[in-house]
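Participant: Take this sequence and fold it.
(chains A, B, C and D)
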There are 2 protein chains.
Amino acid sequence: MRSIPDEGLELIARRFAVLAEPMRLRLLHALFEGEKNVSQLVEFTGGTQANVSRHLQTLTGSGILGRRKEGLLVFYSIADPSIYHLCDLVCGSLEKQLTKQAGVFSHH
Amino acid sequence: MRSIPDEGLELIARRFAVLAEPMRLRLLHALFEGEKNVSQLVEFTGGTQANVSRHLQTLTGSGILGRRKEGLLVFYSIADPSIYHLCDLVCGSLEKQLTKQAGVFSHH
DNA sequence: TTCAAATATGATCCAATGCGTATATAGTTT
DNA sequence: AAACTATATACGCATTGGATCATATTTGAA
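Facilitator: Residues are numbered from 1 along each chain as shown, chains lettered A, B, ... in the order given. Model prediction:
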């Protein structure tokens, strides 16, 4: 079998880790609608400005988000389209698991 | 826009977190070949028995792996087929990012 | 140039998690 | 039952990462 070098594994793990925070998922979910600036995201998520800014930095640093400055405002947007599919996959898998029990997602 | 309840976000984050460890990815990679018992996985990954066992427990607890006892041996296998696609997506996305620089995956 | 608004960053604290060692449990063999 | 093998778990330690508060930086306006 083809083995994966440690560097590669750590890169993959790192990518998953970036997605492993509820606040970052909330930010991604907000940005699925289209690009938004930091203030909008702060209001949207209900987080503090500092915290939102940090998470945006994490997401941007990993290449998932893109950044665009316009005067005082900074707009963020999805830069890696694979994220959509990734989230769909996980949601789908979890829905399957959950419909075998009680349904958190059941009220479509 | 449809918002996702906090419970849901935490479930999704949790799923990503489970995939965010190199050793667990190594175990998954090993199991992509087919089911293996703990000793085989210990040898395969080069980890300690205790550590491998713990990570297998994490993966099983999240529904990603299945567990089958056969005498003294315990066999683990991929239970959630979406994992294949999930890893492919991430790898593909990372390859794209990396080919824009130096190539860790470049020697196919 | 001074002020105000939007965003980023530094310092600190705290909780979560991974690893290693040692030990416990379960199943098998004699 | 005793001894042995395979696997799981308890404990302690070290590291990491997120949240908050305060402050810095950037940019536009007066």
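Participant: what about the strands in chain A?
Facilitator: Assigned by DSSP state E, the strands in chain A fall at A:36-37, A:65-70, A:73-78.
Participant: Roughly how far does the nearest residue to residue A:77 once chain neighbours are set aside sit from residue B:2?
Facilitator: Distances taken as CB to CB, 6 or more residues apart in numbering or on different chains put residue A:35 closest to residue A:77, at 3.5 Å, once the chain neighbours are dropped. Where you see a C-beta, it was placed from the backbone N, CA and C, and this is true even at glycine. Residue A:35 sits 19 Å away from residue B:2 when distances are taken as CB to CB, to the nearest Å.
Participant: give me the number of residues near residue A:76?
Facilitator: Counted with other CB atoms under 10 Å in any protein chain shown, residues neighbouring residue A:76 total 25.
Participant: Isn't it up against residue A:36?
Facilitator: Yes - in this structure, residue A:76 is within contact of residue A:36 by CB atoms under 8 Å, at 6.5 Å.
Participant: Apart from its neighbours in sequence, what residue is nearest residue A:68?
Facilitator: Of all residues not flanking residue A:68 in the chain, residue A:75 sits nearest, at 4.6 Å (CB to CB, 6+ apart).
Participant: Sorry, wrong one. I was asking about residue A:93.
Facilitator: The spatial neighbour of residue A:93 that comes closest, neighbours along the chain excluded (CB to CB, 6+ apart), is residue B:82 at 4.2 Å.
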